[in-house]
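J.: Take this sequence and fold it.
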Amino acid sequence: MNHIHTANCCQSDHSCADHDASHAHGPGCGHETAVHEDHVDYVVDGHLHHAHDGHCDCHGKT
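T.: Model prediction:
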């Protein structure tokens, strides 16, 4: 599946109700991956999550 970055909503305080706050995105986490520029995002509830530096940013809708 090809996901397109359509909005820039990067924020260090992003919170998503689709998974527990202790959930860690990574290989085998259960979320589909999407290559986004120079990194990998995770598709969660119709938007892209980018986990880094101990938090998760929203990188736009799919």
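J.: Nearest residue to the residue nearest the centre of the chain in space, please, no chain neighbours.
T.: Central residue of the chain (C-alpha atoms, centre = their mean): His49, 0.9 Å from the mean position. Of all residues beyond its chain neighbours, the one nearest His49 is Tyr42 (4.6 Å), with distances taken as C-beta to C-beta, 6 or more residues apart in numbering. Where you see a C-beta, it was placed from the backbone N, CA and C, and this is true even at glycine.
J.: For Gly30, give me the pLDDT.
T.: Per-residue confidence for Gly30 comes out at a pLDDT of 91.
J.: I should have written Ser22 there, sorry.
T.: What the model reports for Ser22 is a pLDDT of 79.
J.: ok, now His36?
T.: In this model, His36 is scored at 85, pLDDT.
J.: Report the beta-bridge partner residues of it.
T.: On the basis of DSSP bridges, His36 takes part in beta bridges with His39.
J.: how many neighbours does it have?
T.: His36 sits with 16 neighbouring residues when counted by other C-beta atoms under 10 Å.
J.: Same check on Ala24?
T.: In terms of burial, Ala24 registers 8 neighbours under the definition other C-beta under 10 Å.
J.: nearest residue to it other than its sequence neighbours?
T.: By the measure of C-beta to C-beta, 6+ apart, the closest residue to Ala24 outside its immediate chain neighbours is Ala51, 7.0 Å from it.
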